[in-house]
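Trainee: Just need the structure, nothing else, for what follows:
(2 chains)
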Amino acid sequence: MTIQWEQFTPWASLAGGVAIGIAAAMLILFNGRIAGISGIVGGLLRPVRGDVDWRVAFIAGMFLAPLAYSVFATVPTPQIDADSPLLVIAGLLVGIGTRYGSGCTSGHGVCGLSRLSPRSMVATAIFMSAGFITVFVVRHLVA
Amino acid sequence: MSVLTALFAGLLFGIGLIVSGMSDPSRVLGFLDLAGLWNPSLAFVMGGAVLVGVFAFSIARKRTKTLLGSALYLPNSNRIDRRLILGNLTFGIGWGLAGFCPGPALVSLAAGQQKALIFTIAMAAGMILFELAEGVLRTKTVRS
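Mentor: Got it, this is the predicted structure:
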């Protein structure tokens, strides 16, 4: 195993993680909801009366994040290597998979692990393993 | 008030994704590439978030209402079934293919990334397909 030291940012990543944790804490303690992005978005696709406002507000907040960040520093440009067909396939799999499996990196990962939920621990172990294996196959077997 | 707290939580969540580097697919793939040049940074994102989260959810678990007095919804399912396994397997493959999961995709979209738009539309289509399939299955079960 070789570590990519020039891209290794433990402090920034830890600080960002803490911010994500505080955001999840706010949403459960003030809104009584789990900060799971796939669930929040998915809930809007089959809207229930009285259950729409907080979802729209949370997503609106996320959309304002790059703008707010740009007040203090330049927003880093993400490097997206996937081409359009791959993005479509990946997007479909993520959309179907997160709804079928009831969560994603935030819902099962951040919130589920924080709740010490065995169900979310299993979910996280599965999607992480699938991610590791997929990257291994794509980068080291196919390429 | 609850709309404002949700808005602020979303804002902080998004900023956290940018600061942590999680909103950059190349860094996510760098984390998932154990056999190549491995970037362990994202483990620190999860570590930082869970550190705060464990504390917050230990408070939430003892409450029946939120700090604002509204209903507090904590998941109560413990089922480890086919849905959970196949769903997360599917999600993990999609995550590993492009390096995007739902949160970072939305933030990259908001930052004006065209590729994030393509991914997000496909993701929403996947979610709608799932809802439609569920709807059909549910109707069948009710009829039979």
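Trainee: average pLDDT for stretch B:34-50?
Mentor: Mean pLDDT, stretch B:34-50: 96.
Trainee: check whether that stretch contacts chain A.
Mentor: Yes: Stretch B:34-50 is in contact with chain A by Cβ under 8 Å from any Cβ of the partner chain, via B:34-42, B:44-50. Backbone N, C-alpha and C define where each C-beta goes, glycine included.
Trainee: from those residues, which would you call buried?
Mentor: B:Gly36, B:Trp38, B:Asn39, B:Pro40, B:Ser41, B:Leu42, B:Phe44, B:Val45, B:Met46, B:Gly48, B:Ala49, B:Val50 (16 or more other Cβ atoms under 10 Å in any protein chain shown).
Trainee: now, which of those residues sits nearest chain A?
Mentor: B:Gly48 (2.5 Å; Cβ to the nearest Cβ).
Trainee: Spatially, and excluding backbone neighbours, which residue is closest to the closest one.
Mentor: In this structure, B:Gly48 finds its nearest non-sequential neighbour in A:Gly17, 2.5 Å apart by Cβ to Cβ, 6 or more residues apart in numbering or on different chains.
Trainee: Do a quick rundown of the helices in chain A.
Mentor: A:10-30, A:37-45, A:53-72, A:84-100, A:113-114, A:118-136 (DSSP state H).
Trainee: Dump the ones you listed into CSV; add mean pLDDT and mean neighbour count as well.
Mentor: CSV is the format used below for these (pLDDT from 0 to 100; neighbours: other Cβ atoms under 10 Å in any protein chain shown):
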stretch, mean pLDDT, mean neighbour count
helix A:10-30, 97, 23
helix A:37-45, 95, 22
helix A:53-72, 97, 18
helix A:84-100, 98, 23
helix A:113-114, 98, 22
helix A:118-136, 98, 20
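Trainee: so which of those gets nearest B:Phe57?
Mentor: helix A:113-114 (4.8 Å; Cβ to Cβ).
Trainee: from the middle of its chain, how far away would that closest one be?
Mentor: Put simply, helix A:113-114 sits 14 Å off its chain's centre (Cα atoms, centre = their mean, to the nearest Å).
Trainee: does stretch A:83-101 come close to chain B?
Mentor: Yes: using Cβ under 8 Å from any Cβ, stretch A:83-101 comes into contact with chain B via A:84, A:86-101.
Trainee: ok, back up a step: between the helices of chain A, which one is nearest to B:Ala116?
Mentor: helix A:84-100 (8.5 Å).
Trainee: Break down chain B into its strands, ranges please.
Mentor: In chain B, the strands defined using DSSP state E lie at B:37-38.
Trainee: quick check, nearest of the residues of stretch B:34-50 next to chain A to B:Gly99?
Mentor: For these, the minimum distance to B:Gly99 (Cβ to Cβ) is 10.5 Å, reached by B:Leu42.
Trainee: how many neighbours does the residue lying closest to the closest one once chain neighbours are set aside have?
Mentor: Leaving out its chain neighbours, the residue that sits closest to B:Leu42 by Cβ to Cβ, 6+ apart is B:Phe31, at 4.0 Å. Counted with other Cβ atoms under 10 Å in any protein chain shown, the neighbours of B:Phe31 add up to 25.
Trainee: Can you spell out which helices and strands pack onto the lengthiest helix in chain B?
Mentor: Looking across chain B with DSSP H, the single longest helix is helix B:114-143. When contacts are defined as 3 or more Cβ pairs under 8 Å, 6 or more residues apart in numbering or on different chains; DSSP states H and E, helix B:114-143 packs onto helix A:37-45, helix A:84-100, helix B:102-110.
Trainee: Many thanks, I have nothing further to ask.
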